[in-house]
Every structure is written in structure tokens, then in C-alpha cells.
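Peer 1: no sequence for this one, just the structure:
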Ligand code: DGJ
């Protein structure tokens, strides 16, 4: 809900309040963002500025009285006990050169030749529903579930209009903010920085959390204390990047997963982003987020407007999980759209890690057939199906099917996959070109090129110049043609390098390049997938190099990482889970030892981690033993049974006091089922006991908790096996290897009962294996072991 009362604004969601007001001089003063409050006088919450801070600039004493401002200035004189310095105020928006020395969201070369800007309140309008943008994707909602306020601000001496739009998504406790600027001056403006929002809050000894990494190590959580100065979370790669995800958090240092004040911020944008947390001398924290001003410059002629991406904010006083739940619900309800919104995702079998480029139709059909037998539902033909694409140095940009690999063409191949009872999906990397390709030979001008500089390469490829309409058309026509001709129902949209030599000969101002690339991409995706809503779109960028809310406005899920090692995935998926729901996180089971880390992990752990996301398999099924196949079939049956809970349930990270353990859970939305995963990284000898805490169940209802049965292969025990086998086996011998393929042991299974309160307090589990004997109750975890447990109402 949004209420406006004498130029005081009260924005309210189910559990939060956000208040601000217009000051005597027309600035927007931020008053409160936190747990929900009843609407009342704001005075007690305002940051006080009664005393004059030496060396600070006094705004009030210098302001000339304009006719429209007379009434306000009079009030200001009445309130003359207040010292009005912008540098010591909490603001919703701040300019440059009027006494506020923190970073302004806007840096413009003004028509008067200066960089000074000062926007003050003009009018406001409140409307129900959400407010679309012309150039960028936005969150969306109906008049029943959201409303927005459009506040018009103006810089009076330069006739520039600034609109601040706040949309309140009451049911998910999210408020979005964005801005656009309109040049009403006859002179052109040069915009050098435009952020989507800023807000100032009094410091409470906060900590900033970011999600950083790189290729195969995306979104690892990092915490740092806020101290004087500015901490910046940014990307300059041309995409939102695997280096720093655009989302970040601000929390009290004492906050845990289930307690304490936590703020979350993100942005609906896939290009270079910039998020900053700045603590100033007056102990005010400024949070801002928007487009990175790195190499940015935008010219705005008279009556032109520039739209800034939509920023997303949430708050919870119940810890990180609750903050994440807000984001998860918001993304599922107001970001992801089309036919796949809220629809269960199919289980994928992808050929990439099974064969890379070395495949033919026979191999693919055999993989698909085996996958189908085990319960998989959608076959994805990954890289290598077109042109001369037999390695990563040729073929990108070409769309002719390689008939040597697929003699019956794409249509024929898709029909064969469908005849097996599977849906068929296809990989594309439409934004790229290899120089060794027909496209490049015919149209070298389609690639980004800076005259006079040798191009630099990533994975042997160049980036297409999406600023050019003819390049956009080429991609739209070719991708659409294949999708329609062949009857494809899933697309994996890849993008495997960062941008370098940012330059387009179509632009007169190269400061527009990065933003125009991204708006070009959005336009392509809208043109291809808008008319084809039945297609499930998974975006990817060497894994999670573009995992952001902008992509999620088009793609329903995103490939989290090229790293499918489950132990690495614990860090990656955990990091993503702070900001994004499991329905958007694509996670596959792959081979062991792992192709990047050489780590050996049990099949059970690979599944137990991948199940917390949109499940797929990506390995050569030919080499699975009989027992492994049985295990995969059981895993898939289990996942199907609980798929809705895994993909759309309420996901929580359970605080665990030991560094070598992690516990996650998904709770069915109606609350009568939880599946929890207990993961151990490195084992510690005779560690004592482990426990599970189950969150969010009804304290008065009775539940049963049971271990999901899983296999432990006999080879895990090496020479120890002689102690439990009826016959003595040579641990290196053929008999043990054969036994391993046909026989497996059961990991310990436990069952307990109790009410929701008991389960929340912690269920003590059976001991882990310590080498002093084996029985069917002992938990066989070792290094990288894990278990799933199902909690159901009795
Ligand atoms: C990078 C992706 O992340 C992989 O899954 C795979 O699709 C390769 N590209 C194919 O080149």
C-alpha cells in the first residue's frame, strides 16, 4: 500500500514499512525502512540535524526564495532551529555540488556547463498495478498485488525532470525503485552516471555481503564490515558477471539465518552494474545500485528520456532466510513470466559432459534412450551440432546443421528424440562468432571491432555487435527458423566470454556501447521468445556469468556453473540461494572423479546437492553399473515425487555451528512436508554427534522424519571390505570390482517422530562410521558424504 499525507509518503508491505517525506526545501528525506510500523508522525524517526557541523555546507542559508518555494522556505525559517545541510541528512535522492559530498546517483554535464544538479519535489501520482518501461524489462504485477508512486522532481534552473518510481509488492515484501530522466532544456545533456536508486539509513554497525567468484567458482558468499568510505560491488565485463553478482545484502553483525535485521538489494539488469555502500562522517549509510558508470556516457537531446533499470529491495527482521524468502517469492511471482511461470521443470539429460564435441546421432540417441529408461524427460543437444563446430575454434555464428553428425537434419533428429518419449532442447550461442565461420567470412563487420587495434579473443571467439539492427535481425531470423522447423521446446542460450574493445561503428558516442548491447540483447530475446511462450529458456554464460534478474525476465532458469562438483556446488548454490529461488537454479549430476576438480564423490551426494534446484544429468550413461543405474532411477523417482517442493517450496539454509557441515531444507508451501539435506565436506575422526534442525513446521503437529535410503558402493571400503564380506576379497581384484558393479550396501536409515517444536530444537542422529564395526544404522558419510531426510505430517 502507498499512502501520501501532506507530502509524507508511507509505503507498506505485509511485514515492512518504508517512509520518506518532502523537506522544507523540496528534497526527499528518507525516514525509515524496516519492520512494519503503524502509520504515525515521522518526527521521532528522523535523523536529527539541530547542531551545525563545522565545515559542513549550509543549504538553507544560501537558497534563494523562488515564488513556488515561498511557503516551504517560510516553514524552513520557522524551523530555524534545524541546521539544513545535505551532507548530514538521510536522503532518497541527492545531487552534486550543494553540500552533499557522498556519491550522487546522477552525474550530468548540465546545460549550464557545470556538474551541479539539485532535484526537488514537484508532484506525485499514485496508481495501482506496475509501471512498464520502454527499453528495459521490469517486474510486473496486477492492480490487486502491487501499486506504484511516480514522484516528479525537477532541477529548476536547468529544466530537467527526474521521475522516481517506487512500486510496492505487498505480498512478497519487496519494494522496487527506478528512475528516468527527461531533458526539457533546449541544450543537450551529457549523462555520465545514472544509478537507479539510493537510500540513506542510519548506521547500525552493518555488514555487507556480496556474492563473488569467477568461472567455476561463482557466487561464493563474502562478508565485510562497513566502515568509513565506500565499498563497491560492480561488473565491467559487459555482463552482470561471475565476478560479482549484482545482488548484495546489508545486515546487522549479529544476524543469523533465522534472526536479525537483513536488507537485500538487487537490480533487473544484465549489463555492467554498480552497487555501493558508503558510510560517511555523520554515520549514515548510503546504499545505491544501478548501471556502472565505467565507460558510460549518454547524450540526451531535448524531450528525450533515459530509463534506469529497476532496483529491487527487501527487508526482514527475521534473518537471512526470511529475506531470501521474500526475494524467492517475488521472483517466482513478479519476475519470471510466461507459460513456464510456476510450472514444474522437466528432468534434463544433456550430452555436453558426456561427449563434448565428439558425438554422432547414434551416440546421442543411445544416451537419450538410456536417459528415458531411467526417468529423464528432456534431451538437450548442447554445443557442436552446426557448421564446422568440432571444437571451440570454428563454426559459431553458423546455423546450418552438421549433416555428418545428424544425417536426418535437426527436424529428423528431434522426431527421433520425441519418438523415444522425450522432449528435445537445443543449445545456441547467438551472441558470438568464430572467425572460422561462414558468418564471419560473409560479414566480418558483424563482430565487435575497434579499428586500429587487434581483436582480443575469449574461447577463440569474438562478440557480435548487438548494437546493430542487422545483427539483431540475423540472430532473430536464424534462431527462430530452427526452433520452428524442428519443434524445439527448450533452449539453452549460452554466452562464453566477456566483452573487450567495446566499440560499435554504428554509434557516435561509444559511451553508449555497453548499455546498447544489453538493450539489443533484450530486444532479440523478446522477439524470439515472446511469440514462443511454450519454450523453456535456460540462459547460461560459461555457467553463472550472467545470473541476474534481467535474464530471468526472459529465461525461466539459469545454468548455475560449469562446475558440477557437488562440493563446489554447495558454495555456489548456497550463494545463489540468498538472492534467487531454486526454480531458477539449474543443477546437474555429473561424473566422478569430477572433470575440473578431480574430486571423487558418491552418486548420492551428487544427486543430493543437484536436487536442490532444477535437476538434470550430464554424463555418459553407458558406463554406469547396474547398481548405479538403479540408483539413478530411484533418485529420479524420488525427485519427481517431491519436485514441486524442491523447485517451488520454501528453501532455507539451516545455521550449523561446524565448518565441515551444511544443512539445507525445502518446505512444501502448505507446510506439511520438509526435505532436508545434510552435507559433510571433510570428515573429522570420531566427531561425536550430528543433528538436524527442521524449520518452519507447526509446533503442535506431529511429524515423522525418515532418511532417504541410498547406496554406498563396496569399493568405498577398500581393504576393509574383508571384514564384512562372507568371503575374503582382494581389494584390488576383479571380484571386488565386479561386486561393486552389482552390489551395494545401504547407508544408515533412521526414523524419528516428534512435533514441530521438537524437530526445530534439533534431532540427534546416529553415529557416523568410525571404523569400529558396521551395522545397518551407522551413517556412512566419510569425506563428501550426505543424506536427504523426508519429514511428513503423521
Ligand atoms: C559453456 C556451458 O556452461 C556448458 O554447459 C556448455 O554448454 C558449453 N558452454 C558448450 O560450449
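Peer 2: Received, thanks. Small disclaimer: the values here were computed from a predicted structure and weren't measured. Numbering: from 1, shown residues only.
Peer 1: up against the ligand, what does this structure have?
Peer 2: With the criterion set to Cβ under 6 Å from any ligand atom, the chain comes near the ligand through 352, 382, 383, 427, 494, 496, 540, 542, 543, 559, 562. To be clear about C-beta, it is placed using only N, CA and C from the backbone, and glycine gets the same treatment.
Peer 1: quick one: which of these sit in helices?
Peer 2: Counting by DSSP state H, the residues of the chain next to the ligand place residue 352 in helices.
Peer 1: how close does residue 733 get to the ligand?
Peer 2: For residue 733, the distance to the ligand equals 38 Å [Cβ to the nearest ligand atom, to the nearest Å].
Peer 1: now that residue: how far from residue 721?
Peer 2: 11 Å (Cβ to Cβ, to the nearest Å).
Peer 1: compare neighbour counts for these two and give me the winner.
Peer 2: residue 721 (19 against 10; other Cβ atoms under 10 Å).
Peer 1: so that one touches residue 713, yeah?
Peer 2: No: with contacts counted by Cβ atoms under 8 Å, residue 721 stays clear of residue 713, the gap being 10.4 Å.
Peer 1: just checking, what packs against the lengthiest strand in the chain?
Peer 2: Among the segments of the chain that qualify as a strand by DSSP state E, the longest is strand 189-202. Other helices and strands packing on strand 189-202, by 3 or more Cβ pairs under 8 Å, 6 or more residues apart in numbering; DSSP states H and E, are strand 28-35, strand 106-109, strand 174-183, strand 284-291, strand 298-300, strand 311-316.
Peer 1: what angle sits between the first one and strand 174-183?
Peer 2: Translated: strand 28-35. If you take axes from the mean of the first three to the mean of the last three Cα atoms, to 10 degrees, strand 28-35 sits at 160 degrees to strand 174-183.
Peer 1: and the angle from strand 28-35 to strand 284-291?
Peer 2: Using the same axes, to 10 degrees: strand 28-35 against strand 284-291 is 100 degrees.
Peer 1: so which bits of strand 28-35 are buried?
Peer 2: Buried residues in strand 28-35, counted by 16 or more other Cβ atoms under 10 Å: 28, 29, 30, 31, 32, 33, 34.
Peer 1: just send the helices and strands packed on strand 189-202 back as CSV, with mean pLDDT too.
Peer 2: Output for those, formatted as CSV (pLDDT from 0 to 100):
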stretch, mean pLDDT
strand 28-35, 98
strand 106-109, 96
strand 174-183, 97
strand 284-291, 98
strand 298-300, 96
strand 311-316, 98
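Peer 1: check what pLDDT the residue in the chain that the ligand sits nearest to gets.
Peer 2: Residue nearest to the ligand within the chain: residue 383 (3.5 Å; Cβ to the nearest ligand atom). For residue 383, the pLDDT comes out at 98.
Peer 1: looks to me like residue 749 is in a strand.
Peer 2: No: under DSSP: H, G, I helix; E, B strand; the rest coil, residue 749 sits outside any strand and is assigned coil.
Peer 1: which residue is the nearest non-sequential neighbour of it?
Peer 2: residue 707 (4.5 Å; Cβ to Cβ, 6 or more residues apart in numbering).
Peer 1: count of neighbours near that neighbour?
Peer 2: By other Cβ under 10 Å, the residues close to residue 707 number 21.
Peer 1: with the one 5 residues further on instead?
Peer 2: The burial count assigned to residue 712 is 22, neighbours taken as other Cβ under 10 Å.
Peer 1: and the one 4 residues further on, by the same measure?
Peer 2: The local packing of residue 716 (other Cβ under 10 Å) involves 18 other residues.
Peer 1: SS state for it?
Peer 2: Looking at residue 716 with three-state DSSP, the answer is helix.
Peer 1: circling back: need the winner for burial among the helices and strands packed on strand 189-202.
Peer 2: With neighbours taken as mean count of other Cβ atoms under 10 Å, those reach their highest mean count in strand 311-316, at a mean of 26.
Peer 1: now for that strand, which elements pack on it?
Peer 2: For strand 311-316, the elements it packs on are strand 16-22, strand 28-35, strand 174-183, strand 189-202, strand 262-267, helix 319-334, judged by 3+ Cβ pairs under 8 Å, 6+ apart.
Peer 1: out of these, deepest packed?
Peer 2: Mean neighbour counts for these (mean count of other Cβ under 10 Å) peak at strand 262-267, with a mean of 26.
Peer 1: what strands line up against it, and which way round?
Peer 2: As defined by DSSP bridges, the strand partners of strand 262-267 come to strand 244-252 (antiparallel), strand 311-316 (antiparallel).
Peer 1: what's the closest of those to residue 182?
Peer 2: strand 311-316 (19.4 Å; Cβ to Cβ).
Peer 1: between the closest one and helix 319-334, how big is the angle?
Peer 2: Using the same axes, to 10 degrees: strand 311-316 against helix 319-334 is 140 degrees.
Peer 1: tell me what angle strand 311-316 forms with strand 189-202.
Peer 2: 0 degrees.
Peer 1: okay, now the unreliable bits of the chain?
Peer 2: 61-81, 722-732 (pLDDT under 70).
Peer 1: ok so, going back, wait, which of the buried residues of strand 28-35 is closest to residue 670?
Peer 2: For these, the nearest to residue 670 is residue 34 (29.6 Å; Cβ to Cβ).
Peer 1: beta partners of that closest one?
Peer 2: Taking DSSP bridges as the rule, residue 34 bridges to residue 17.
Peer 1: for my notes, confirm residue 550 occurs in a strand.
Peer 2: No: Residue 550: not assigned to a strand; according to three-state DSSP it is helix.
Peer 1: check contacts around it.
Peer 2: Residues in contact with residue 550 (Cβ atoms under 8 Å, 6 or more residues apart in numbering) are 136, 137, 240, 267, 268, 269, 270, 271, 309, 518, 522.
Peer 1: how about the contacts made by the residue nearest to it when sequence neighbours are not counted?
Peer 2: Of all residues not flanking residue 550 in the chain, residue 270 sits nearest, at 3.7 Å (Cβ to Cβ, 6+ apart). Counting by Cβ under 8 Å, 6+ apart, residue 270 touches 239, 240, 518, 521, 522, 546, 548, 550, 551.
Peer 1: just residue 23 next, same as before
Peer 2: Residue 23 touches 29, 84, 89, counting by Cβ under 8 Å, 6+ apart.
Peer 1: tabulate those residues (CSV), appending distance to residue 313.
Peer 2: Shown next, in CSV, are the contacts of residue 23 (distance: Cβ to Cβ, whole Å):
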residue, distance to residue 313
29, 18
84, 27
89, 20
